[in-house]
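> Coordinates for the following, if possible.
(3 chains)
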Amino acid sequence: MRPILVRGGRILDPSRNIDQVADLLLQDGKVVASGQSLGRPDGAEVLEAAGKVVAPGLIDLHVHLREPGQEDLETVASGAMAAAAGGFSAVCAMPNTDPVTDNQAAVGFIVSQAQRAGKARVYPIGAISLGQKGQQLAEFGELVGAGAVAVSDDGKPVVSSHLMRTALEYARTFGIPVADHCEDPTLAAGGAMHEGLVATRLGLKGVPAAAEEIMVARDILLAELTGGHAHLCHMSTRGSVELIRRAKEKGLRVTAEACPHHFTLTHEACEGYNTNAKMNPPLREPEDREAIRQALRDGTIDVICTDHAPHHYDAKEREFDDAPNGIIGLETALGLAITELVDGGIIDLPTLIIRMSTMPARIFNLPGGTLARGAAADVVVIDPAARWTVEPERFYSKSRNTPFGGRQLRGRADVTIVRGQIVFRREG
Amino acid sequence: MPSRTPLLDDRALGRTLARMATEIVERGRGTDDLVLVGIQRRGVELADRLKRLIDQSQGSSIPCGKLDITLYRDDLQTVGARPVVGETRLPNLDGRTVVIVDDVLYTGRTVRAALDECADFGRPQRILLCVLIDRGGRELPIQADIVGLTVGTRPGDRVDVFVSELDGRDAVELVRG
Amino acid sequence: MCSFRSSTAATRSSWCAADMGGLSLGKDLVGLEPLSADQIRLILDTAEPFKEVSERPIKKVPALRGKTIVNLFFEASTRTRISFEFAEKRLSADTVNVATVGSSVSKGETLVDTARNLEAMRIDMVVIRHGASGAAQFLGQRIRSNVINAGDGKHEHPTQGLLDILTLRDRFKRIEGLKVAICGDILHSRVARSNIWGLLKLGAEVGVCGPATLLPRNVHELGVTVLPRIEDAIQWADALNILRLQLERMEAGFLPSLREYNRVFGVTSERLAKAPKDLLILHPGPMNRGVEIDSDVADGPHSVILPQVTNGVAVRMAVLYLLAGGSPDWAQQAGGGE
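You can find the predicted model right below:
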């Protein structure tokens, strides 16, 4: 493996409070040095990074790779490539595959598929309950032993408070977070979009914000009761943000994530029955979007993740009620974050790196998220000024279900390096 | 530059209608079974006037109806915007002598549509066609039985009929294209 | 000046423009929300002569002769389908009925495939009733045939809204300033939504009356007045449009019982007796006698439920007439003259 010298870029490493133009040297899969005018070792590849941002590789804590079971939509390999193209050096894959990733063999399978692909790292998330049926606890110890970094029944909420409590307590033994998809099923049942004026006009059953907030409140209380780490997936409402803010003020071990579509779009995007605006939790009102943005600024929401959810064109090409929930996001997340949040004046670039690299690594206890000496050489070189248009046909992902086709964005990854090897390089 | 030539002024129009009323009674062999049917739009006003003239001179009270032929047009499939449909109200036509009244007879397609539509209302004993102006240019084998005035025209020309009930004055004018 | 000629563009355009003002409805009728007040008035005005056609001995005009129309009903419906069928046949169109009762998931063919098959058979117009909101628009975007929404999920039922408004106009001679209260399950009702859009656009005041569980939480944002009790609606309105209450609502927990609904919200003759004006009573049908409306009210002197049905055929004829042959490509071709 050749050493890599990343020369002259703006190194942003919030984990060490670094923000300066310098060189970065990667060797044998690790960061060996950073500083001014580093010499070029023999045989090293030089990446000229003047005008670019050099940051620890982005980490996405919440993606859906459809392997095993729906490999036509996405595989571990195609997802890992899409991640790399998006600037991610690592992603965490949710277990709602077919069959569900609820045992050590299944976890091991994901790990080995990721190794074979050799692109972004893929850390499996194991199921909380067997088959994600919400009844019997899965073997967390076995899952973690095989490589799982967290547990979740995402796709579905953990309906039983007793099960959530037990999961939080049991997970403490292994030091892993329990990630919950916060949704009260009886309030949300049959809902296709946010309950509001747009749903009324379109004649669609809505999901009220309370459906999410009820479970957020419950999970916070259970985190307090158990001392466990509750990680709240894809937050979407201002009420949820309020609850999390107060929980953090009390010092509870509650962390939260938000997706680019929730800080970019509102329920208006569903006009014309656009199924690419259908996801769970749904797009909400402008006030909710604003609250999410502010929460990303003040850290109430710790991380940005994509909830990358591939679906087939045919599946989305149908009546709104029948269309599946979710959109892909790995290849648009960075561009949306820079365009909407940084250019929008909500956060600065260092904070962006915190939300997309430093904090994800920290809260899930993953390697990466830092460029300290001796750290894994997971690096992303970002061109923060590049203007580009989203062209779904050119995605590395196997799926195309995104509402952002044709949108003008600013900022994207030029080079993604994992374990000291370039896994993605933008042409032209 | 289009030129406008008067063909009938209000007095000439009145005289022509009076003569047409007499011809209708003559061709209809009296007023016993006579029914006038005016084609929307101006045919309706003309039929009303003819009815009054006939009733005055014959002491009769002949039934008079109105017919909108829009839904029977043969060019409905190619016309872009949908034409507005006017009112149709007909008395009993069975066994009667029906006189269809229109302002201008040109290609004959309006009358063809009117004949089709009348057939859907009943079975007249006889149908006569009465027009104020026959401008030639027939595209179908249709002829008028009672004609106010025959005028030679070219395809780009237009014959405008004005009636006081709708237009504030009585006149017929030829507009050369 | 009623002679027409299928060739000279000058003659035809002057005839049409004078009477039309260049208004058209576009390719599809998906709902009343996208229409302007002028377009709605156009449909109502066009319905008038079609009322007369239904009174003739031969109830047929050749206006849509040779057109093929498919009635694609994914939800069971007798009255709406029959009404459309009469409208189509009275315009001399050829009609085909396709009834696939059941959800779009339970049937084998997707709506997209159904659409493509219809287009491959060169159908001129499709009248669709479907259980999913947005289904009519979905179909209209994918086939070139005209698409008429006969009810899509909870979204809209535009011809019902139009015939309700026409019936009101027949009686009151105007819509502007009229106070119309829509009573019942507004939350799940496409008839309510179409009525709300149409009435508001024509300048009426619209009230909604029903149990809070059956009103959308933000209904006032639509521009309607919320009338908490049926007595309030009876005091306020010039006309009541009473919606059918469905048994499924009770089973889904929105209401304790139909009996309670009748006791609290039912339009009875005792309640109507207290009305300050002669209230007009409308109902889209079919009625649950004794639930939302009592028999003596439904059959009483204030009810216009049967005229609604008559107007339904005329309105549907007007819609079919206005949409047929009015597609943009055709108009462009025809506009060039021949």
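
> wait, A:P56 sits on A:A377?
No. Using Cβ atoms under 8 Å, A:P56 is not in contact with A:A377; the gap is 9.8 Å. Bear in mind the C-beta positions are built from the backbone N, C-alpha and C, glycine included.

> Would you check how far apart the residue lying closest to C:R79 once chain neighbours are set aside and chain A are?
Nearest residue to C:R79, sequence neighbours excluded (Cβ to Cβ, 6 or more residues apart in numbering or on different chains): C:G285, at 6.0 Å. Using Cβ to the nearest Cβ, to the nearest Å, C:G285 is found at 20 Å from chain A.

> wait, what's in contact with C:G285?
Neighbouring residues of C:G285 by Cβ atoms under 8 Å, 6 or more residues apart in numbering or on different chains: C:79, C:244, C:305, C:308-309.

> State the pLDDT value of it.
Predicted confidence (pLDDT) for C:G285: 87.

> Doesn't it lie inside a helix?
No. According to DSSP: H, G, I helix; E, B strand; the rest coil, C:G285 belongs to no helix; its state is coil.

> Neighbours of A:N365, how many?
12 (other Cβ atoms under 10 Å in any protein chain shown).

> Is it in a helix, a strand, or coil?
Taking three-state DSSP, the label given to A:N365 is coil.

> for A:R400, same thing?
coil.

> nearest residue to it other than its sequence neighbours?
A:P392 (4.4 Å).

> for the stretch 1-150 of chain C, what spans make up the helices?
Assigned by DSSP state H, counting those that start in this stretch, the stretch 1-150 of chain C shows helices spanning C:9-20, C:37-53, C:79-90, C:111-120, C:135-140.

> would you list the ones you listed in a markdown table and tack on mean neighbour count and mean pLDDT?
Putting the helices of the stretch 1-150 of chain C into a markdown table (neighbours: other Cβ atoms under 10 Å in any protein chain shown; pLDDT from 0 to 100) gives the following:
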| stretch | mean neighbour count | mean pLDDT |
| --- | --- | --- |
| helix C:9-20 | 16 | 33 |
| helix C:37-53 | 19 | 93 |
| helix C:79-90 | 20 | 95 |
| helix C:111-120 | 17 | 83 |
| helix C:135-140 | 26 | 94 |
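
> Tell me which of those sits nearest to C:R249.
Proximity to C:R249 (Cβ to Cβ) singles out helix C:79-90 among the helices of the stretch 1-150 of chain C, at 20.4 Å.

> helices or strands next to that closest one in the packing?
strand C:68-73, strand C:94-99, strand C:125-130, strand C:146-152, helix C:158-172, helix C:305-323 (3 or more Cβ pairs under 8 Å, 6 or more residues apart in numbering or on different chains; DSSP states H and E).

> Now do the longest one against strand C:68-73, angle only.
With axes from the mean of the first three to the mean of the last three Cα atoms, to 10 degrees applied, the angle from helix C:305-323 to strand C:68-73 works out at 130 degrees.

> Is chain B within reach of helix C:305-323?
Yes. With Cβ under 8 Å from any Cβ of the partner chain as the criterion, chain B is reached by helix C:305-323 at C:321-322.

> which residues sit in contact with the closest residue to chain B within the stretch 301-428 of chain A?
Closest to chain B within the stretch 301-428 of chain A is A:E319: 30.6 Å, counting by Cβ to the nearest Cβ. The contact partners of A:E319, by Cβ under 8 Å, 6+ apart, come to A:273, C:104, C:111, C:130, C:132-135, C:138.

> Could you rerun that using 6 Å?
Residues in contact with A:E319 (Cβ atoms under 6 Å, 6 or more residues apart in numbering or on different chains) are C:132, C:135, C:138.

> Kindly reformat the residues you listed as TSV containing distance to C:D232.
Output for those, formatted as TSV (distance: Cβ to Cβ, whole Å):
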residue	distance to C:D232
C:A132	34
C:A135	35
C:F138	39
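
> from those residues, which are also near chain B?
Applying Cβ under 6 Å from any Cβ of the partner chain, the subset of the contacts of A:E319 adjacent to chain B is empty.

> Of those, just say which sits nearest to chain A.
Nearest to chain A among the contacts of A:E319, with distances taken as Cβ to the nearest Cβ, is C:A132, at 3.5 Å.

> residues near the closest one, how many?
26.

> what's the answer for B:G152, then?
Neighbour tally, B:G152, other Cβ under 10 Å: 10.

> residues in contact with it?
Contacts of B:G152 (Cβ under 6 Å, 6+ apart): none.

> Could you report the distance from it to A:A80?
86 Å (Cβ to Cβ, to the nearest Å).

> now swap in B:D116 and tell me
The value you get for B:D116 to A:A80, if Cβ to Cβ is used, is 73 Å.

> Could you do A:V53 as well?
23 Å.

> Check C:L200 too.
53 Å.

> who touches C:L168 in this structure?
Counted by Cβ under 6 Å, 6+ apart, C:L168 has contacts C:A239.

> Surely A:I11 forms part of a strand?
Yes. Assessed with three-state DSSP, A:I11 lies in a strand.

> Is there contact, residue-wise, from the longest helix along chain A to chain C?
Criterion DSSP state H: the longest helix present in chain A is helix A:210-226. No. Helix A:210-226 is not in contact with chain C by Cβ under 6 Å from any Cβ; minimum separation 11.0 Å.
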